[in-house]
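**Student:** Fold the following and give me the result.
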Amino acid sequence: MKHFILLIILGLSMQVSGQFSQQARDSINRLSYQDHRLMMEMLGIDELRHGPSGNPNDANYANTDESKASPYTSIPNPLLFDDGQPVKNAAEWEKRKLEIFEHFDREMYGRMPENTPSVSWEVVSEMDTLEGKTPVRLRRLKGIVDNSSYPSISVEIDLTVGTPLNSNDAVPVVMEFGWNFPSGFFGNRNSDKPSWKEMMLQNNWGFAILIPTSYQADNGAGLRQGIIGLVNKGEPRKLDDWGTLRAWAWGASRAIDFFVNDPFVDEKRVAIEGLSRYGKAALVAMAYEPRIAIGFIGSSGAGGAKLLRRVYGEQVENLASSAEYHWFTPNFIKYAGPLTPNDLPIDAHQLIALCAPRPVFISVGSENVEGHWIDAKGMFVSAIEAGPVYKLLGRKDMGTTIMPEEKTFVSDGEIAFRQHEGGHTVEPNWPYFIEFAKRYFE
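**Tutor:** Residues are numbered from 1 along each chain as shown. Down below sits the predicted model:
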């Protein structure tokens with residue numbers, strides 16, 4: 001066990017200028033593979049189906065033929081109880097949600113421990129500065145996680161909060177799951193357009209950047225460290241233990257705990273935003289955290305807003321591989337082995353439905369730029385299938401079942417959708433999200 005932990009620490013500490021050395025990557029990959037094999041042994045699985053490739057030049061490139069994308073004959077109905085009885089009203093939906101949460105807990109995202117450790121927030125630095133040309137009160141905070149139950153593992157949460165300097169009132173805040181890149185990693189920003197952070201401030205809103213990897217690493221090697229390792233006292237996960245997506249969502253909840261006592265933030269008007277794997281985490285966070293008022297879900301794909309039963313782009317087999325399995329509970333691996341996505345008791349549309357009646361904006365890039373891997377239509381179909389729950393609760397669905405043309409903003413209901421002209425980013429959709437969110441924040 002000590003040797004295992006030392007190798008993890010070695011792998012996680014050998015980061016230079018934001019890039020892992022080859023030796024560190026090899027260590028992380030080896031440890032991830034070993035933990036993945038252990039989970040397979042616990043599940044009694046000898047081998048898994050191989051997922052498709054995301055490289056168009058490979059022979060096993062993922063399907064992009066829409067005529068072959070929907071072999072399923074049905075999907076789980078969010079408005080039917082497990083015993084087949086219909087959900088008739090909002091009170092019954094609250095009971096049905098418990099069934100759906102149980103399925104997601106047991107089979108996909110994992111169970112968060114009942115007694116997670118407390119977090120104490122400290123202000124590391126505070127300064128009045130500029131975001132672009134806009135004054136901002138910028139605070140850098142650290143959430144110290146109580147590790148008295150297992151002092152061998154220390155966990156801290158990195159959070160940055162910016163609020164308008166010219167406002168002393170509590171303001172709405174958009175919290176992003178952010179990447180911990182060093183200054184200058186992407187070079188200087190050469191755009192005359194304001195950053196998303198400046199756009200928030202210009203609307204008298206605030207921004208927050210939460211770094212998920214500060215408290216749970218994005219690899220299987222780190223599962224015996226971070227918040228997951230702390231609650232498990234450095235031991236391997238059980239088959240229904242939480243994965244990294246659920247752990248990252250836990251961190252978002254702890255940030256909201258801080259906002260509750262912050263005079264500059266209106267904790268009742270907090271949005272969550274994330275891109276790619278962080279788009280998955282943002283949707284999971286919103287589903288499980290009722291205090292999040294609105295979601296901006298960027299290119300979340302499989303494991304996020306994309307219907308898993310669709311054979312298009314990334315598949316369950318990719319998610320269950322040693323490269324991505326850590327995002328989920330170990331039980332999820334079996335759906336790439338003896339079981340298939342059709343055996344799942346849940347699918348992505350039910351994750352969106354768990355956010356109801358709160359508004360959700362699903363963002364995705366152009367297939368000509370971002371590619372087919374994310375499956376824009378798969379996310380749009382999920383949004384359609386979540387619609388009946390919003391209508392049951394007296395809200396509007398998207399109002400259409402026809403996939404819109406690129407750059408069309410579908411925003412009449414509480415579920416918004418837009419496929420922008422760019423690639424793997426949310427940047428072109430920020431102005432549309434602001435327009436959408438103003439309906440609820442102002």
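**Student:** make it CA atoms for all contacts and neighbour counts henceforth
**Tutor:** OK.
**Student:** give the contact list for Leu210.
**Tutor:** Ile157, Asp158, Leu159, Thr160, Met175, Glu176, Phe177, Gly178, Ala252, Ala255 (Cα atoms under 8 Å, 6 or more residues apart in numbering).
**Student:** in the sheet, who's paired with the third one?
**Tutor:** Okay, so that is Leu159. Leu141, Leu210 (DSSP bridges).
**Student:** Which of the contacts of Leu210 fall in helices?
**Tutor:** Ala252, Ala255 (DSSP state H).
**Student:** Next SSE downstream of the lengthiest helix in the chain?
**Tutor:** Longest helix in the chain by number of residues (criterion: DSSP H): helix 22-43. Where DSSP states H and E defines the elements, the next helix or strand beyond helix 22-43 is helix 90-107.
**Student:** And the helices in this structure?
**Tutor:** 2-13, 22-43, 90-107, 196-202, 226-231, 244-260, 277-288, 316-319, 348-353, 376-392, 430-441.
**Student:** Distance of Val311 relative to Gly378?
**Tutor:** 9 Å (Cα to Cα, to the nearest Å).
**Student:** repeat for Trp250
**Tutor:** The value you get for Trp250 to Gly378, if Cα to Cα is used, is 27 Å.
**Student:** Which of the two has more residues huddled nearby?
**Tutor:** Using other Cα atoms under 10 Å, the more surrounded residue of Trp250 and Gly378 is Gly378, with 25 against 21.
**Student:** Might you report the residue contacts of that one?
**Tutor:** Contacts of Gly378 (Cα under 8 Å, 6+ apart): Gly301, Ala305, Lys306, Leu307, Arg310, Tyr312.
**Student:** now Lys142
**Tutor:** Neighbours of Lys142 in contact, by Cα under 8 Å, 6+ apart: Trp121, Glu122, Val123, Val124, Glu156, Ile157, Asp158, Leu159.
**Student:** distance of the fifth one from Gly301?
**Tutor:** The one in question is Glu156. Taking Cα to Cα as the measure, Glu156 falls 29 Å from Gly301.
**Student:** Which one of these two is surrounded by more residues?
**Tutor:** Neighbours were counted for Glu156 and for Gly301 using other Cα under 10 Å; Gly301 has more, 29 against 21.
**Student:** Low-confidence ranges, the chain, go.
**Tutor:** For the chain, the stretches with pLDDT under 70 are 1-20, 181-191.
**Student:** what residue lies at the spatial centre of it?
**Tutor:** Ala281 (1.2 Å; Cα atoms, centre = their mean).
**Student:** shouldn't that residue be in contact with Ala249?
**Tutor:** Yes: the pair Ala281 / Ala249 is scored as a contact, 6.1 Å apart, by Cα atoms under 8 Å.
**Student:** before we move on, the earlier item: spit out the contact partners of the nearest residue to the residue nearest to the centre of the chain once chain neighbours are set aside.
**Tutor:** Nearest residue to Ala281, sequence neighbours excluded (Cα to Cα, 6 or more residues apart in numbering): Leu245, at 5.0 Å. Each residue near Leu245 by Cα under 8 Å, 6+ apart is listed here: Tyr109, Lys280, Ala281, Val284, Trp327, Phe328.
**Student:** So which of those residues is the closest to Asp218?
**Tutor:** Trp327 (7.9 Å; Cα to Cα).
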